[in-house]
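Chemist: Quick one, structure for this:
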Amino acid sequence: ERPKGGFGIPIGAWMRSDLNQLFQSTLSPENIKATGVLSVDRVQTLSREHMSGKRDRFRELWAVFVFLQWWTGHV
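Modeler: Just a heads-up that it's a prediction; the model follows:
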């Protein structure tokens, strides 16, 4: 009797576990530098904060990941 509801996908947790290797290879300094628009230092800081559990940075990292997947031609 109630409307459909959405559900969350644990992307942030997957970044730390099952998808970690894919994320680390995609967010490599070489890929980041090649774009000419992203800061290697900033992306690495976001990644360190997220992977350590200090801050939840999955939204920012997901945006960078998707961009880099597109940039490198993986999608």
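
Chemist: Going by neighbour count, list what's buried in stretch 52-63.
Modeler: The neighbour-count check on stretch 52-63 (16 or more other C-beta atoms under 10 Å) flags 57-58, 60-61 as buried. (Glycine included, C-beta is placed from N, CA and C.)

Chemist: which residue sits closest to residue 51, ignoring its sequence neighbours?
Modeler: residue 16 (5.9 Å; C-beta to C-beta, 6 or more residues apart in numbering).

Chemist: Same check on residue 49?
Modeler: residue 55 (4.4 Å).

Chemist: Would you mind measuring from residue 64 to residue 37?
Modeler: Separation of residue 64 from residue 37 (C-beta to C-beta, to the nearest Å): 11 Å.

Chemist: and these two? which has more neighbours close in?
Modeler: Ranked by neighbour count (other C-beta atoms under 10 Å), residue 64 and residue 37 place residue 64 first, with 22 against 8.
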